[in-house]
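**Q** my questions are about this predicted structure, shown below with the sequence.
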Amino acid sequence: MITFEKVSDIKELASLALSIWHEYWTCLLSPEQIDYMVENFQSEKAIKEQIENENYTYYFIKSDNENAGYFGISDKGDFLFLSKIYIRKEFRHKGIGTKAFDKIKELALGKPIRLTVNKHNTNSINAYKKWGFKTIDAVVTDIGSGFVMDDYIMEI
């Protein structure tokens, strides 16, 4: 049974993010960039800042009461920004991502949903296309310390 729980324990979320990011991103990013991005975007401090100042809401994705993953969204007025959606390795390819996306569509209240995705993240790009997303732009964003994010912007 898949359920969604609004995050109240930021420390637990940051710990989950750290483990997923180090498992998932190693084929696309250097360990140094992963550490930098986790510290700046998914640490306790960063998540707290996003929730308090950037209109973010995070949800745990639960499979039979176990944290299978998480997603983070932010209402940007004209659209809902899907900032993060991550599933733990052992829960992937079981339809959990699709159920999470159905929940995200519900939370969007009819607004367009926009996201950024690494241009080389083929598996995620294919999932987003399956869910109906279209690429609307491409951006390279300097995130500091010599690192960049080379992304497509997709929207549905």
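**A** Yep, it's here. Computed from a predicted model, the values in this text were never measured in an experiment.
**Q** isn't Gln42 up against Ser15?
**A** No - applying Cβ atoms under 8 Å, one finds Gln42 not in contact with Ser15, separated by 10.0 Å. Where C-beta positions appear, they are placed from N, C-alpha and C, glycine not excepted.
**Q** which of the helices and strands in this protein ranks last by mean pLDDT?
**A** Lowest mean confidence among the helices and strands of the chain (mean pLDDT, DSSP states H and E): helix 31-37, at a mean of 87.
**Q** neighbour count winner among Gln42 and Ser15?
**A** Neighbour count, other Cβ atoms under 10 Å: between Gln42 and Ser15, Gln42 has more, with 25 against 14.
**Q** skipping adjacent residues, who's closest to the more buried one in space?
**A** Ala17 (3.9 Å; Cβ to Cβ, 6 or more residues apart in numbering).
**Q** so the one you found versus Lys129, what's the distance?
**A** Computed as Cβ to Cβ, to the nearest Å, the Ala17 to Lys129 distance reads 25 Å.
**Q** related to what we said a few turns ago, other SSEs contacting the least confident helix or strand of the chain?
**A** Applying 3 or more Cβ pairs under 8 Å, 6 or more residues apart in numbering; DSSP states H and E, one finds that helix 31-37 makes contact with helix 10-24, strand 134-144, strand 147-155.
**Q** more neighbours: Ala17 and Lys129, which one.
**A** Each of Ala17 and Lys129 has its neighbours counted (other Cβ under 10 Å); Ala17 has more, 24 against 13.
**Q** my guess is the more buried one contacts Arg88. True?
**A** No - in terms of Cβ under 8 Å, Ala17 does not count as a neighbour of Arg88; the distance is 10.8 Å.
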